[in-house]
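Enquirer: Sequence and computational prediction follow.
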Amino acid sequence: MPEAGAPRPGPHASPVPVLSDVLAQALNGLSYGVLLFLLSVGLTLIFGMLDVVNLAHGSFYLLGAYAGLTLIAVTGSFWLALVAAPLVVGAIGALLERGLLRPLYRRPTLDQVLLTFGLIYLFEDMVKWIWGGKIRSIPVPALFSGSVTLGPLTIPSYRLFVIAFGFVMAVVLWLLIEKTRLGSIIRAGVFDAEMTAGLGINISRVFTGVFAFGAALGGLSGVIAGPIQSAYPSMGVSILIPALIVVVVGGLGSLKGSLVGSLIIGQAETFGKAWLPGLSMLMIYLVMAAIVLLRPQGLFGRPLK
Amino acid sequence: MSYRLATFAVLLAVFAIVPSFFGNYHVKLLQEILIWGIFAMSLDLLMGYAGMVSFGHSAFFGIGGYVAALVLKQSAGTLGALVFPALAAALAALVIGFFSIRVSGVYFIMLTLAFSQMFYAYTFQVAWLGAEDGIVGVPRASVLGVDTTTPWAFHLYVIALAALALLVLWRIVRSPFGHVLRGIHENEARMEAIGYPVNRYKLLAFAIAGLLAGVAGSLYAQFSGSITPDAFFWTTSGEALLMVIIGGTGTLGGAVLGAATFILLQSFVSTYTERWMLILGVTFITFVLFAPGGIVGALKGRIGLRA
């Protein structure tokens, strides 16, 4: 176009970043990374076990946010919603796995991927139907509505809560998967589902459980994200790609990979926005491309065949 | 064969005279179907014949659209309408394909998806391509001396290109090259073992599909007079995938049928209800679950239609 648009002014246009700026960005990146982590854990476990790239995973995030919205409105408590919304989304996940995915396990895995693509349309439109298409804000819980001053920084305390919550969840998940019997069954299933079934484990119930659990975590991240990003019908589609990138960067099927990948992508996205406002959206793809070129299986993935 | 050719010719003739009987709205609908049909057919070459499911085919559609928009605004001729968009898309497909075909299955899906999203991210933010508003005011061109700026001429031009795309793809999938692609789809390791340079075949298929997607993108930019970053967005690839699956993978004509179903569903359902996405989603899921062969597959099963 002849009238070339003026360069878009970024929030931090000064070329020399100040230390407090860097810290603030790092914290923003951390809270975003935590959301991605909760989302990508489910994605990576579901992939590892069922061999399905669940494109509808963003829909669980979407459903979580809106279920949270309604539950907060009904019960008046954010905390109740934080517990109940993931349960609702987890139940939806279990139904999907049983009802729609299961009949496809004998078909090429691609059919399952395509099915989950269809689900995106279904869920997004259902959300529009039930809740309307407008952006809805989710109030910050009263306990964390203030902000905390750390030296030169003023940080909304909700963000600190999100970061802390994410790391607690990471530890809980690690304990669950590495230290419990259930966890070892899941790990075995991710490694070789058929062999696990051969050892007398009811693998089909584990499949449902993992899918529901992944869905619930997706829903949980939706509720957590609500007060930061608000709820809108296309939020699922827009978070899906960063979550997939995390999984690719970290290595498909790896829990550790999804934690490290989330932190990397969270920082890349946030610093990209602050320092390269003109090309910020490109950042995460460049990071991914670099990692995939150096290590095609991702940071913690098993080597490709 | 001659029976088929006759059907094809009659169909083209019917399409060609649509503007004399129907209003502007329906004519545009038909053009849109044909343009998306070209795009979906090019994806079908990859999916249905070479067995490569790309979630990044929108990259080439978008490149075709943007290159056409940029060049046509300078000079509205054959170069801008066809040559540059097609070549740019094919070149991009060679580069993206070079990296992507080394992996398969899910990794291939992810990698192609990421590549197309890079273009989305870039065009969404850079000023020289109009950022999120894209490029507007794309003129229609004079192609090979034929002026397509009148509605009639443009209509015939779209039909001609769609027919040409179908014939070219038809020829390709029935050539020895096409049979090698099918062989790769069936058993890649075996094709490799009996001495076919599998990756070279896959890359060539990827480039041809990219080229045709670029033509579709260029046509789309001329059709709508604009191109936006949405052309690159991954859901554009997803929609083409929907079309191929709904119509019938590996049938070429099915891809056009799928495009027709998708666009008619979108436009007619949306006049009656706002819930067209829901209906589309359910339709698609139904096809995946109960009619993996798509419309063409279902027809073959029911009335014994032969390929």
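Expert: Received, thanks.
Enquirer: C-alpha from now on. contacts and neighbour counts both.
Expert: Will do.
Enquirer: in the stretch 101-250 of chain A, which spans are helices?
Expert: A:109-131, A:157-179, A:181-191, A:193-198, A:203-229, A:235-250 (DSSP state H, counting those that start in this stretch).
Enquirer: any chance of these in a markdown table, plus distance to chain B?
Expert: Listed next are the helices of the stretch 101-250 of chain A as a markdown table, based on distance: least, CA to the nearest CA, whole Å:
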| stretch | distance to chain B |
| --- | --- |
| helix A:109-131 | 5 |
| helix A:157-179 | 24 |
| helix A:181-191 | 16 |
| helix A:193-198 | 18 |
| helix A:203-229 | 18 |
| helix A:235-250 | 8 |
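Enquirer: what would these look like in CSV with mean neighbour count and mean pLDDT?
Expert: Compiled in CSV, the helices of the stretch 101-250 of chain A are given as follows (neighbours: other CA atoms under 10 Å in any protein chain shown; pLDDT from 0 to 100):
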stretch, mean neighbour count, mean pLDDT
helix A:109-131, 21, 90
helix A:157-179, 16, 90
helix A:181-191, 18, 85
helix A:193-198, 15, 84
helix A:203-229, 25, 91
helix A:235-250, 25, 90
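Enquirer: Looking at those, which is nearest to residue B:198?
Expert: helix A:109-131 (21.2 Å; CA to CA).
Enquirer: Tell me which other helices or strands that closest one touches.
Expert: Helix A:109-131 is packed against helix A:57-75, helix B:276-290, with contacts defined by 3 or more CA pairs under 8 Å, 6 or more residues apart in numbering or on different chains; DSSP states H and E.
Enquirer: try it again with 7 Å
Expert: helix B:276-290 (3 or more CA pairs under 7 Å, 6 or more residues apart in numbering or on different chains; DSSP states H and E).
Enquirer: quick check: mean pLDDT across the helix it packs on?
Expert: Averaging pLDDT along helix B:276-290 gives 88.
Enquirer: Following element in sequence after it, please.
Expert: helix B:294-303 (DSSP states H and E).
Enquirer: who's in contact with residue 65?
Expert: Assuming you mean chain A. A:219, A:222, A:223, A:226, A:231 (CA atoms under 7 Å, 6 or more residues apart in numbering or on different chains).
Enquirer: Let me rephrase: I mean chain B.
Expert: Residue B:65 touches B:214, B:217, B:218, B:220, B:221, B:227, counting by CA under 7 Å, 6+ apart.
Enquirer: Against chain A, how distant is it?
Expert: 14 Å (CA to the nearest CA, to the nearest Å).
Enquirer: What helix or strand is that residue located in?
Expert: Secondary structure from DSSP H and E places residue B:65 in helix B:58-74.
Enquirer: roughly how far is that helix from the heart of the chain?
Expert: The chain centre lies 14 Å from the centre of helix B:58-74; the measure is CA atoms, centre = their mean, to the nearest Å.
Enquirer: Give the buried residues for that helix.
Expert: For helix B:58-74, the buried set under the neighbour-count rule, 16 or more other CA atoms under 10 Å in any protein chain shown, comprises B:58-73.
Enquirer: In CSV, list the helices of the stretch 101-250 of chain A along with distance to residue B:115.
Expert: Listed next are the helices of the stretch 101-250 of chain A as CSV, based on distance: least, CA to CA, whole Å:
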stretch, distance to residue B:115
helix A:109-131, 19
helix A:157-179, 30
helix A:181-191, 28
helix A:193-198, 32
helix A:203-229, 25
helix A:235-250, 11
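Enquirer: quick one: which of those is nearest residue B:24?
Expert: When the helices of the stretch 101-250 of chain A are compared for distance to residue B:24 using CA to CA, the nearest one is helix A:109-131, at 29.3 Å.
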